[in-house]
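Student: Quick one, fold the following:
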Amino acid sequence: MSKLSRIAGWNLLIFLSYWLLAYLLTPNKPSYEGMDIVFVVGASAVQVLVNFVLMSVAFGTRKNELGKAYLLSALLIMVVGTTYCFGSLSIGL
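Tutor: Below is the predicted model:
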């Protein structure tokens, strides 16, 4: 398995785990509306930041393939996270 597919797969599993955690722990009450989205946005931002730090370290140590994998993984999480947030807002999850 290539480094890109392994890193992207782990990042998607991490995203799925905190999405599921936010969905299960947020009560279905009007006063908590949108709190799951806030949690997922914050966790996604931290995950993307960690990926960018790891990318910088990989490029700094001349491990270009690993750096590219972290960069593409960060972009993947940004796309999936944005899609989740806008989709949740439009269908009212």
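Student: and the helix or strand residue 84 falls within, what other elements does it pack with?
Tutor: Take DSSP states H and E as the rule and residue 84 turns out to sit in helix 64-91. Helix 64-91 makes packing contacts with helix 3-25, helix 35-60 when contacts are defined by 3 or more C-beta pairs under 8 Å, 6 or more residues apart in numbering; DSSP states H and E. All C-beta atoms are positioned from the backbone trio N, CA, C, and that covers glycine.
Student: Give the buried residues for it.
Tutor: Residues 66-74, 76-77, 80-81, 84-85, 88 are the ones in helix 64-91 that count as buried (16 or more other C-beta atoms under 10 Å).
Student: May I see the helices and strands packed on helix 64-91 arranged in CSV, with mean neighbour count and mean pLDDT as well?
Tutor: Shown next, in CSV, are these (neighbours: other C-beta atoms under 10 Å; pLDDT from 0 to 100):
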stretch, mean neighbour count, mean pLDDT
helix 3-25, 14, 88
helix 35-60, 16, 91
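Student: on that earlier part again, report the distance from the helix holding residue 84 to the chain centre.
Tutor: Relative to its parent chain, helix 64-91 has a centroid offset of 6 Å by C-alpha atoms, centre = their mean, to the nearest Å.
Student: Report the mean per-residue pLDDT for that helix.
Tutor: The average pLDDT within helix 64-91 is 85.
Student: check contacts around residue 73.
Tutor: Counting by C-beta atoms under 8 Å, 6 or more residues apart in numbering, residue 73 touches 4, 7, 8, 11, 51.
Student: My understanding was that the third one contacts residue 76; is that so?
Tutor: So the one you mean is residue 8. Yes - judged on C-beta atoms under 8 Å, residue 8 makes contact with residue 76 at a distance of 5.7 Å.
Student: before we move on, the earlier item: just give me the closest of the contacts of residue 73 to residue 26.
Tutor: residue 11 (22.5 Å; C-beta to C-beta).
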